[in-house]
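Asker: here you go, sequence then predicted model.
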Amino acid sequence: WFTALNDYVNHPERHRDDIVHSDDQCTVIKDKFPKSTVHLLVLSNKFIADLLKLTPADIPLFRHMLGVADEMIAKETAKDPKLVFRVGLHAIPSMERLHVHVISQDFQSPCLKNKKHWNSFASEFFLPATGVLSQLETTGRVTVDKPRFEAILKQDLKCHRCGERLANMPKLKAHIETCSG
């Protein structure tokens, strides 16, 4: 499971229905277990294990990936202008191969099932891709405080719009359907 993303790049012919864009630098797929109405992954075609392995030499590739993410957002908002998106990376990725999430902020999905899912996208654990790029450009590498981010995954559920704490996922999902923040 940890290495499953590699197959999309190494054997795209096996995944024609899941690939929405491909070029010489990256491949965009539909997330197999989407946590929102629109949840895409921009995969690096060059093998880079994760954000911690990025080097200054990877800056042009990472910029290209973010440009493609913006193109995907433009296509999706043309279909549904009400959708709002974030582009980011998990501080501690659960899967091997550098990938950037393009995720709508409605969080309407049966695959969004537990606190870990929620906190991995609706908290500081979800690092804005522009911030990752900035850190890479400024320091030549990306670092994360692993114990801090592991603790964030265990935090109580709270609305990403208004900050209200909710007891469980069904209550959170009902709340975010009507919350205007």
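Answerer: All right, it came through fine. Residues are numbered from 1 along each chain as shown.

Asker: strands along the chain, start to end?
Answerer: 19-22, 26-30, 39-44, 85-90, 99-104, 126-128 (DSSP state E).

Asker: list the contacts of the residue most central in space within the chain.
Answerer: For the chain, the residue nearest the mean C-alpha position is His101 (2.3 Å; C-alpha atoms, centre = their mean). The neighbours of His101, taking C-beta atoms under 8 Å, 6 or more residues apart in numbering as the test, are Asp31, His39, Leu40, Leu41, Arg86, Val87, Gly88, Leu89, His90, Phe121, Phe126. (C-beta placed from N, C-alpha, C; glycine too.)

Asker: for the residues you listed, which entry has the maximal number of neighbours?
Answerer: Ranked by the number of neighbours (other C-beta atoms under 10 Å), the contacts of His101 place Leu40 first, at 27 neighbours.

Asker: bridged to the residue nearest to that one when sequence neighbours are not counted, which residues?
Answerer: Among residues not flanking Leu40 along the chain, Val102 sits closest, at 4.3 Å (C-beta to C-beta, 6 or more residues apart in numbering). Here Val102 sits in beta bridges with Leu40, Val87, going by DSSP bridges.

Asker: doesn't Val84 make contact with Val102?
Answerer: No - judged on C-beta atoms under 8 Å, Val102 makes no contact with Val84 at a distance of 11.7 Å.

Asker: of these two, who's got more company?
Answerer: It is Val102, of Val102 and Val84, that has more neighbours when counted by other C-beta under 10 Å, with 25 against 11.

Asker: and that one, how far from Thr139?
Answerer: Distance of Val102 to Thr139, computed by C-beta to C-beta, to the nearest Å: 25 Å.

Asker: got it, and Glu150?
Answerer: 22 Å.

Asker: if we can go back for a sec, now render the contacts of His101 as JSON lines, adding distance to Leu54 and pLDDT.
Answerer: Shown next, in JSON lines, are the contacts of His101 (distance: C-beta to C-beta, whole Å; pLDDT from 0 to 100):
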{"residue": "Asp31", "distance to Leu54": "21", "pLDDT": "98"}
{"residue": "His39", "distance to Leu54": "22", "pLDDT": "98"}
{"residue": "Leu40", "distance to Leu54": "20", "pLDDT": "98"}
{"residue": "Leu41", "distance to Leu54": "16", "pLDDT": "98"}
{"residue": "Arg86", "distance to Leu54": "19", "pLDDT": "98"}
{"residue": "Val87", "distance to Leu54": "16", "pLDDT": "98"}
{"residue": "Gly88", "distance to Leu54": "14", "pLDDT": "98"}
{"residue": "Leu89", "distance to Leu54": "10", "pLDDT": "98"}
{"residue": "His90", "distance to Leu54": "14", "pLDDT": "98"}
{"residue": "Phe121", "distance to Leu54": "21", "pLDDT": "98"}
{"residue": "Phe126", "distance to Leu54": "17", "pLDDT": "98"}
